[in-house]
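Asks: turn this into a model:
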Amino acid sequence: GFSCDKCDFETNLCKALHEFNLQSGWVKRNGQSGVGPPYSDRNGNESAYFLSLSSEMQSSSATLRTNVFLPTDEEHICQITFHYWVSQMSGTLMVGLQKHSEDTVANIWQVSGELQSQWKAHTITINSTEKYEV
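Replies: As a prediction, this is how the structure comes out:
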């Protein structure tokens, strides 16, 4: 069967992601938090939560890891759609793939800060014959 999990940050972290660790540089906030844009989530909701890089992290990097996904095949492809906001200042957002037989994370997509700050969506498709994390 085909299952599609919608994933938000209203109650906790997405089921797909490792249990939330504030040490990693990510903070859960909404548009009313008073720390600058974005002032709402992708649907224009000011009180809905999203993850944001904390202001102390400007010069370094922070990682979010998914839980382990099972191998893909013709019947079970993996597509992940995520919504993101990259401001002019905020460097680069990268998506990496780590297969369980490999020590390194392969960079499969990235975007850098652009002039227009707005919510955008991107979908990645993953093929892996072994268990993996994103």
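
Asks: from here on, contacts and neighbour counts on C-alpha atoms
Replies: OK.

Asks: quick one, what contacts residue 48?
Replies: Residue 48 sits next to 9, 10, 30, 31, 40, 41 when contact means Cα atoms under 8 Å, 6 or more residues apart in numbering.

Asks: now, of those residues, which are buried?
Replies: The neighbour count (16 or more other Cα atoms under 10 Å) marks 30, 31, 40, 41 as buried among the contacts of residue 48.

Asks: just the pLDDT for the first one.
Replies: Model confidence at residue 30, expressed as pLDDT, equals 93.

Asks: mind listing the strands for this protein?
Replies: For the chain, applying DSSP state E gives strands covering 26-30, 49-53, 78-85, 92-99, 106-112, 119-126, 132-133.

Asks: just put those strands in JSON lines and tack on distance to residue 5.
Replies: Listed next are the strands of the chain as JSON lines, based on distance: least, Cα to Cα, whole Å:
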{"stretch": "strand 26-30", "distance to residue 5": "20"}
{"stretch": "strand 49-53", "distance to residue 5": "17"}
{"stretch": "strand 78-85", "distance to residue 5": "10"}
{"stretch": "strand 92-99", "distance to residue 5": "19"}
{"stretch": "strand 106-112", "distance to residue 5": "21"}
{"stretch": "strand 119-126", "distance to residue 5": "14"}
{"stretch": "strand 132-133", "distance to residue 5": "16"}
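
Asks: of all those strands, which lies closest to residue 14?
Replies: Of all those, strand 49-53 sits nearest to residue 14, with 10.5 Å by Cα to Cα.

Asks: alpha carbons of the closest one, as PDB, please.
Replies: Only the C-alpha atoms of strand 49-53 are listed here, as PDB (Å, rounded to 0.1, in the frame of the first residue of the first chain):
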ATOM      1  CA  TYR A  49       5.100  26.200  14.300                       C
ATOM      2  CA  PHE A  50       8.100  25.500  12.100                       C
ATOM      3  CA  LEU A  51      11.800  24.800  12.700                       C
ATOM      4  CA  SER A  52      14.200  27.600  12.500                       C
ATOM      5  CA  LEU A  53      18.000  27.900  12.900                       C
END
